[in-house]
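Q: Dropping a prediction and its sequence here:
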Amino acid sequence: MNIKNLQYNNTDISENLKSIKNLILITDEPLSKHTSYKVGGNADYFCIVKNLEQLRKIFDACYPKYNIFILGDGTNVLFSDEGYRGVVIKLSGELNKLKILGNLIKVGSPVSLSSIIKKALENKLSGLEFAWGIPGTLGGSISGNSGTFGSEICDLIKNVKVCDYNGKIHNFSSNQLDYGYRYCKFPINGVILEADLKFKPSSRKEIEKTMKKNMKWRRKYQPIESKTAGSVFKNPEGMSVAKLLESINLKGKAINGARFSPKHINFIENFNNAKAKDIYDLVELAKELIYNKFKIILETEIKLIGFN
Ligand SMILES: Cc1cc2nc3c(=O)[nH]c(=O)nc-3n(C[C@H](O)[C@H](O)[C@H](O)COP(=O)(O)OP(=O)(O)OC[C@H]3O[C@@H](n4cnc5c(N)ncnc54)[C@H](O)[C@@H]3O)c2cc1C
């Protein structure tokens, strides 16, 4: 949620947040500590939420007067150097749960994709191997319908539980979701709490084979050791964005400590103490050059927060 130009009183918000029992509340928290790019200024408030009650109380205190941002593992976001004027919420505690129910896995949104895949493997359940090597949480993954090798997380969803900003819980089945290439929309806006994911029985050997193959591919073609947030731009319909970027010679192009990866041109690396602005300037440069040459408007896959 990003509400601009709100009138609020920081003292009131601060007092209200401080009154929430056992809430971990940090003021002026550097977002560079919570993102894979390792950049971004401070959040006014950073809350680590352990249960639904705390989440509802934060909404009570803030909604709709104050900006709220739900952060997963920060592997798909770029916060500006000015940080975030509002409350950044990280889910944890009781919400961080995983249960096997036959061929279904019930998972809390803060659980990492890698933990789900490992649990599925242990239980000989196949379906999410395609995501082996995609960092981040289930919540972040559903929010952007992450995917690769022709598969997407939202295809696995049976139901998803969402808490709206008034604290009301909604259960949506997969046919109520509007999802596609790197997006997933719910009938209402809110925070993803958990989902039931559908798997198919398989053998450990088969599942491991696919996981290994996928990781090998990632190691070969992606700068997985670098500070990145994955693919920067979406592929325009029927086209490869990598080919477009290569055609304008952006491979290795740097602005201060940020550069288009020499390994995979659609990744921007923070290779030397980059600022968020350096990464953002590269994004804008590519958009401008691609538009001038091909009249194509590139859309970012990464979420840009706090840029005009
Ligand atoms: C090396 C690397 C490789 C990658 N490869 C891929 C790939 O192959 N395919 C792919 O699709 N992505 C890829 N990514 C991008 C990223 O890992 C995924 O999009 C991931 O699922 C994001 O999860 P996160 O928890 O880090 O989300 P965050 O970056 O924290 O958040 C992303 C968005 O999700 C929202 N969000 C997070 N949690 C919730 C919640 N509980 N409720 C509502 N909204 C929420 C946030 O508000 C934000 O808008 C890659 C990233 C890296 C660094």
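A: Thanks, I have the structure now. Numbering: from 1, shown residues only.

Q: wait, residue 45 sits on residue 16?
A: No - between residue 45 and residue 16 there is no contact under CB atoms under 8 Å: 10.4 Å. Using the backbone N, CA and C atoms, a C-beta is placed for each residue, glycine as well.

Q: In its sheet, which strands sit next to the strand or helix carrying residue 100, and in what direction?
A: Using DSSP states H and E, residue 100 maps to strand 98-101. If you go by DSSP bridges, strand 98-101 pairs up with strand 104-108 (antiparallel).

Q: Contacts only, for the closest residue to residue 80 other than its chain neighbours.
A: Closest residue in space to residue 80, ignoring its immediate chain neighbours: residue 306 at 3.4 Å, by CB to CB, 6 or more residues apart in numbering. The contact partners of residue 306, by CB atoms under 8 Å, 6 or more residues apart in numbering, come to 41, 79, 80, 82, 83, 84.

Q: Got phi/psi on residue 306?
A: With angles defined as degrees, to the nearest 10, residue 306 sits at phi 90, psi 10.

Q: what pLDDT does it get?
A: Per-residue confidence (pLDDT) for residue 306: 97.

Q: so where is the protein shaky, pLDDT-wise?
A: Applying pLDDT under 70 to the chain picks out residues 1-9.

Q: can you rerun that using 90?
A: Low-confidence segments of the chain (pLDDT under 90): 1-12, 308.

Q: still on that earlier bit, show me how to select, in PyMOL, the buried members of the contacts of residue 306.
A: The buried subset of those, as determined by 16 or more other CB atoms under 10 Å, is captured in PyMOL by this line:
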select buried, resi 41+79+80+83+84
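
Q: In strands, which of the contacts of residue 306 appear?
A: Among those, the members falling in strands (DSSP state E) are 79, 84.

Q: ok, now which ones touch the residue in the stretch 151-300 of the chain positioned nearest to the ligand?
A: Residue nearest to the ligand within the stretch 151-300 of the chain: residue 230 (2.5 Å; CB to the nearest ligand atom). Residue 230 is in contact with 75, 76, 134, 135, 267, 301, 302, counting by CB under 8 Å, 6+ apart.

Q: out of the residues you listed, which is most surrounded?
A: Within the contacts of residue 230, residue 76 tops the neighbour count with 25 neighbours, counted by other CB atoms under 10 Å.

Q: could you measure that one against the ligand, distance?
A: As judged by CB to the nearest ligand atom, to the nearest Å, residue 76 and the ligand stand 3 Å apart.

Q: I figured that residue hits residue 301, correct?
A: Yes - assessed by CB under 8 Å, residue 76 is found in contact with residue 301 at 7.3 Å.

Q: what do these two both touch?
A: Shared contacts of residue 76 and residue 301 (CB under 8 Å, 6+ apart): 144, 230.

Q: The residue positioned nearest the centre of the chain: what's it in contact with?
A: Centrality entry for the chain: nearest residue to the mean C-alpha point is residue 140, 3.6 Å, by CA atoms, centre = their mean. Residues counted as contacts of residue 140 (CB under 8 Å, 6+ apart) are 72, 73, 75, 76, 146.

Q: can you rerun that using 10 Å?
A: Residue 140 sits next to 70-77, 109-110, 112-113, 134, 146, 153, 192, 303 when contact means CB atoms under 10 Å, 6 or more residues apart in numbering.

Q: filter those residues to the buried ones?
A: Buried among these by 16+ other CB under 10 Å: 70-77, 109-110, 112-113, 134, 146, 153, 192.

Q: So what's the residue count around residue 298?
A: 21.

Q: Same check on residue 180?
A: Residue 180: 10 neighbours (other CB under 10 Å).

Q: next SSE after the helix or strand residue 26 falls within?
A: Assigned by DSSP H and E, residue 26 belongs to strand 24-30. Once strand 24-30 ends, the next helix or strand along the chain (criterion: DSSP H and E) is strand 42-49.

Q: Sheet partners, orientation included, of that next one?
A: Looking at strand 42-49 with DSSP bridges, its partner strands are strand 24-30 (antiparallel), strand 84-91 (parallel).

Q: can the ones you listed go into TSV with extra columns for distance to residue 284?
A: Listed next are those as TSV, based on distance: least, CB to CB, whole Å:
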stretch	distance to residue 284
strand 24-30	24
strand 84-91	20
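
Q: among the ones you listed, which is the most enclosed?
A: With neighbours taken as mean count of other CB atoms under 10 Å, the strands paired with strand 42-49 reach their highest mean count in strand 84-91, at a mean of 23.
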